[in-house]
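Novice: I would like the atomic coordinates for the input below:
(chains A and B)
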Amino acid sequence: MLSIQFRKIAVATLMAVAAWNSCTTKLEAHGFEGDRFFPPTVATDDPFATDELSLPTISFFNNPASADGVTPKTREIDISSEFDKEIFPKFALGVTETEIFLKPQGQTGTNGFDNLSLSAKYQVFENAPHEFILSVGGEVDLGGSGSKQIGADSYSTYTPTLYYGKGMGDLPNALKYLKPFAVTGTLGYAIPGEAGNADGSLNPDVLQWAFALEYSLPYLQQHVEEVEWLRPLKDFIPLVEFSMETPVNRGSGFTTGTINPGVLWESKYCQIGAEAQIPVNGSTGPNIGAIFQVQFFIDDLFPKVFGHPIFFNHEDDDK
Amino acid sequence: MNIIRTLLIFILTLASISLAEAHAFLDHAEPKVGSTVVAPTQVEVWMTMALRKKTYTTLQVFDAKGNEVDKRDVVISEATMTVSVPKLGAATYTVAWKALAVCGHKTSGTFMFTVE
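Specialist: Numbering: from 1, shown residues only, chains lettered A, B, ... in the order given. Below you'll find the model as predicted:
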């Protein structure tokens, strides 16, 4: 009951304030820094505090058996959604919910919601000519709001996070074909609300580090050189994401993570992303997984409601 | 898995409505982005959606020193912007565009071309 109430309150609050803000104003395009469009990436949270809706993100992955052999190799399918709303200029709140389907080898499958996650992000520094942005924020996973069946933590986890993005459009013209490159990344420190569990196991703090290296064909075509034979691919952004976690105390453990090569495709109202998930070591998983994501550009779908902050939005339509 | 199938159908239907961007981005230009040309008489850009004829919507051409060299006679028609230029000497020039699209979104961008 508690978890349902958490979800209802969080989602209803964000949707209500978004709906309330239905004034007609000029909109800043999402995810831009100078000439650079930083797309929302699949595994790495982008640095922009803007209105976003990912629905859904679906990942398929095989988890390794536990070292003590108690838990067998388990196939996991996650279906998640994230909604972010700009509240003040450059400040956004978000909510993420994930349903997890688990199928341990040789056992009956189970499913349930993971803990509800709430996030906040503020853009603290931007440099348009150098296509650079730095944001700070964090995330709280609400302990006890998820299903015990899928092993959702009973304690909350707090993750202060640094977000950054840098485009290479300021390179000299002699290196013009490198200008479409950009990197976005996050550096977070996850602090569990409880250091240990009833069974004696420990919950370490975890350094979460992730980044995405992308080559934007739209940027190449629009700002560097129009390449005729690449026009059919002008809406594609190939990229590689690195999503890693390193426990740092309480017995620690191995760094785990995946390297995700893939592609993003930009269309009128949404972006579709598809990536492979290659485990970096045996502690991460035995097989290659896959992840798909659809990001709706809700500021384009509903421009009167989304695409601008709820408070202190003083843009003048005639300028 | 039926939920996934339904979502995929919905998403693909929505995505296939149009490949054009909802924001006004540069589709192509003349002179072409990054091209080397004989001195043009005008610069024209085709955007991916219609523009509002507001103060924000502009098209400018600058020389390497940052001086504006166009004739400041921008003509906006639907999704295109055109500005005349005097006879340009051999050099590299920067085109800067700003677009307020009919959907209300602002975008801007730059590209260069070279006159031989």
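
Novice: With residue A:136 as the reference, measure out to the residue in chain B positioned nearest to chain A.
Specialist: Closest approach between chain B and chain A, counting by Cβ to the nearest Cβ: residue B:34, at 3.1 Å. Where C-beta positions appear, they are placed from N, C-alpha and C, glycine not excepted. Distance, residue B:34 to residue A:136, by Cβ to Cβ, to the nearest Å: 37 Å.

Novice: Those two - which one has more neighbours?
Specialist: Taking other Cβ atoms under 10 Å in any protein chain shown, residue B:34 and residue A:136 do not tie; residue B:34 has more neighbours (20 against 16).

Novice: Am I right that that one is in a helix?
Specialist: No. Using DSSP: H, G, I helix; E, B strand; the rest coil, the assignment for residue B:34 is coil, not a helix.

Novice: who's in contact with the residue positioned nearest the centre of chain A?
Specialist: By Cα atoms, centre = their mean, chain A has its centre lying nearest to residue A:45, at 3.2 Å. When contacts are counted by Cβ atoms under 8 Å, 6 or more residues apart in numbering or on different chains, residue A:45 touches A:119, A:161, A:163, A:186, A:210.

Novice: Next, the contact list for the first one, please.
Specialist: If a contact means Cβ under 8 Å, 6+ apart, then residue A:119 has A:45, A:84, A:93-96, A:137-140 as its contacts.

Novice: So which of these sit within strands?
Specialist: A:84, A:93-96, A:137-140 (DSSP state E).

Novice: can I get those residues in CSV with distance to residue A:275 and pLDDT?
Specialist: Formatted as CSV, the ones in strands among the contacts of residue A:119 follow (distance: Cβ to Cβ, whole Å; pLDDT from 0 to 100):
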residue, distance to residue A:275, pLDDT
A:84, 21, 93
A:93, 27, 96
A:94, 21, 95
A:95, 23, 95
A:96, 18, 95
A:137, 23, 97
A:138, 25, 96
A:139, 21, 97
A:140, 26, 97
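
Novice: Enumerate every residue touching the residue nearest to the spatial centre of chain B.
Specialist: Among the residues of chain B, the one closest to the centroid is residue B:26, at 3.3 Å (Cα atoms, centre = their mean). Contact analysis of residue B:26 by Cβ under 8 Å, 6+ apart lists A:222, B:33, B:45-48, B:97, B:109, B:111.

Novice: Among those residues, name the buried ones.
Specialist: A:222, B:33, B:45, B:47-48, B:97, B:109, B:111 (16 or more other Cβ atoms under 10 Å in any protein chain shown).

Novice: rewinding a little: reformat the contacts of residue A:45 as JSON lines; add distance to residue A:303 and pLDDT.
Specialist: Formatted as JSON lines, those follow (distance: Cβ to Cβ, whole Å; pLDDT from 0 to 100):
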{"residue": "A:119", "distance to residue A:303": "24", "pLDDT": "97"}
{"residue": "A:161", "distance to residue A:303": "29", "pLDDT": "98"}
{"residue": "A:163", "distance to residue A:303": "25", "pLDDT": "98"}
{"residue": "A:186", "distance to residue A:303": "28", "pLDDT": "98"}
{"residue": "A:210", "distance to residue A:303": "31", "pLDDT": "97"}
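
Novice: and these as CSV, adding secondary structure?
Specialist: Converted to CSV, the contacts of residue A:45 look like this (three-state DSSP):
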residue, secondary structure
A:119, strand
A:161, strand
A:163, strand
A:186, strand
A:210, strand
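
Novice: Of all the residues in the stretch 151-300 of chain A, which one is nearest chain B?
Specialist: residue A:225 (3.1 Å).

Novice: Go ahead and confirm that residue touches residue B:33.
Specialist: Yes. Counting by Cβ atoms under 8 Å, residue A:225 touches residue B:33, with 5.9 Å between them.

Novice: hang on, the earlier thing: which strand residues bridge the residue nearest to the centre of chain B?
Specialist: residue B:47 (DSSP bridges).

Novice: coming back round to it: what's the burial count for the residue of the stretch 151-300 of chain A closest to chain B?
Specialist: 19.

Novice: rewinding a little: please identify which pair of the contacts of residue A:45 lies farthest apart.
Specialist: Greatest spacing in the contacts of residue A:45, by Cβ to Cβ: A:119 and A:210 (14.4 Å).

Novice: my guess is residue B:39 meets residue B:87, correct?
Specialist: Yes. At 5.4 Å, residue B:39 and residue B:87 qualify as touching, with contact defined as Cβ under 8 Å.

Novice: And these two? Which one has more around it.
Specialist: residue B:39 (13 against 8).
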